[in-house]
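Colleague: here is my input; please provide its structure:
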Amino acid sequence: MSHNYCQECAVRLMVTLKMCPSCGSKNIGSLLPAPKSTLHKSSQTHIATSSSTVNSPIGATSNFAQTSGFSPAPLGPRFLAFLIDTIAVSIVASLPILFSYLITLPFKEDAINPLAAFGVLASFVAPYAYYTVMHAAPYSATLGKRWMGIKVVNVSGELLTRMQAFLRVMLTLLLPIAGGVAVTLSLGSMAMTYKDAMQDSIILAIVLALPLVVLGPYLLIFFNPLKQSLFDILMKTIVIKG
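Modeller: Numbers count the residues shown, from 1 in each chain. Next comes the predicted model:
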């Protein structure tokens, strides 16, 4: 598979990408760029102009080539894939609990607690293991994505390593937790300061803000020209047809 390179930050890109997801530059070429210290002044001026036009990949207008093999996956198939994966993950997560329950039936009650704790822990880990293994597999897709004909690759068009797949799914856990903690601490301190009437309003604000914190990283898909979520932007991955 051939690749292009961003002439500003030297990131290797898929040939169909017309904008660098890393720095936002539209100065894409097939040759690996020379170190910036050796670039011609006019070339640097052109890069600066293009990068000032596109400050970030989140709000920029993309000239992404809509080719069959490397187009960003449409939102409809991605949503349906999410529903399918939710069902699959629910089944995967329930299996350890079911197994721990069945295996404790012949034993006394005091043997249930450790195995029950193991089942709960395994059910928590199972979804993240599912996404890590599936996204790092040769087809680079979960069951839902395979069903809908889409997959996850990095911006170079290469398959994800297990570490990349693991970090990507862990971000889906850590970012909402970090955002929820930040909202709770900031508004919760206000609720403890003000009077009872104000406390009710702030607690309601916390309840309303938490869904936005969870969904916020996904909402970037609607504004990003490459349809990348915050997790994809941070990990430099992209969901494409395939």
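Colleague: alpha carbons only for contacts and neighbour counts from here, please
Modeller: OK.
Colleague: do a quick rundown of the helices in the protein.
Modeller: Secondary structure of the chain (DSSP state H): helices at 41-53, 75-104, 112-135, 143-148, 162-193, 196-219, 230-235.
Colleague: lowest average confidence, helix or strand, in the protein?
Modeller: None of the helices or strands of the chain scores lower by mean pLDDT, DSSP states H and E than helix 41-53, at a mean of 42.
Colleague: for T161, give me phi and psi.
Modeller: phi -80, psi 170 (degrees, to the nearest 10).
Colleague: state the pLDDT value of M198.
Modeller: M198 is assigned 62 on the pLDDT scale.
Colleague: what's the neighbour count on V15?
Modeller: Neighbour count of V15, defined by other CA atoms under 10 Å: 19.
Colleague: give me the pLDDT for it.
Modeller: 72.
Colleague: wouldn't it be in contact with N4 here?
Modeller: Yes. In terms of CA atoms under 8 Å, V15 counts as a neighbour of N4; the distance is 5.3 Å.
Colleague: how about L230, what does it touch?
Modeller: Residues near L230 by CA atoms under 8 Å, 6 or more residues apart in numbering: P217, Y218, L220.
Colleague: can I get those residues in JSON lines including pLDDT, distance to C9 and neighbour count?
Modeller: Formatted as JSON lines, these follow (pLDDT from 0 to 100; distance: CA to CA, whole Å; neighbours: other CA atoms under 10 Å):
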{"residue": "P217", "pLDDT": "82", "distance to C9": "25", "neighbour count": "19"}
{"residue": "Y218", "pLDDT": "85", "distance to C9": "26", "neighbour count": "17"}
{"residue": "L220", "pLDDT": "85", "distance to C9": "23", "neighbour count": "19"}
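Colleague: now, which of those residues sits nearest Y130?
Modeller: Using CA to CA, Y218 comes nearest to Y130 of those, at 19.6 Å.
Colleague: quick check: closest non-adjacent residue to that closest one.
Modeller: Excluding the flanking residues, the one nearest Y218 by CA to CA, 6 or more residues apart in numbering is S229, at 5.0 Å.
Colleague: any weak-confidence spans in this protein?
Modeller: Low-confidence segments of the chain (pLDDT under 70): 1-2, 16, 34-70, 104-113, 115-116, 183-184, 186-207.
Colleague: which phi and psi values does the residue nearest to Y218 adopt?
Modeller: phi -80, psi 170.
Colleague: can you report how many residues lie near it?
Modeller: Residue neighbour count, defined by other CA under 10 Å, stands at 22 for S229.
Colleague: surely it is in contact with L215?
Modeller: No. With contact defined as CA under 8 Å, S229 and L215 do not form a contacting pair (10.1 Å).
Colleague: nice, that's everything, thank you.
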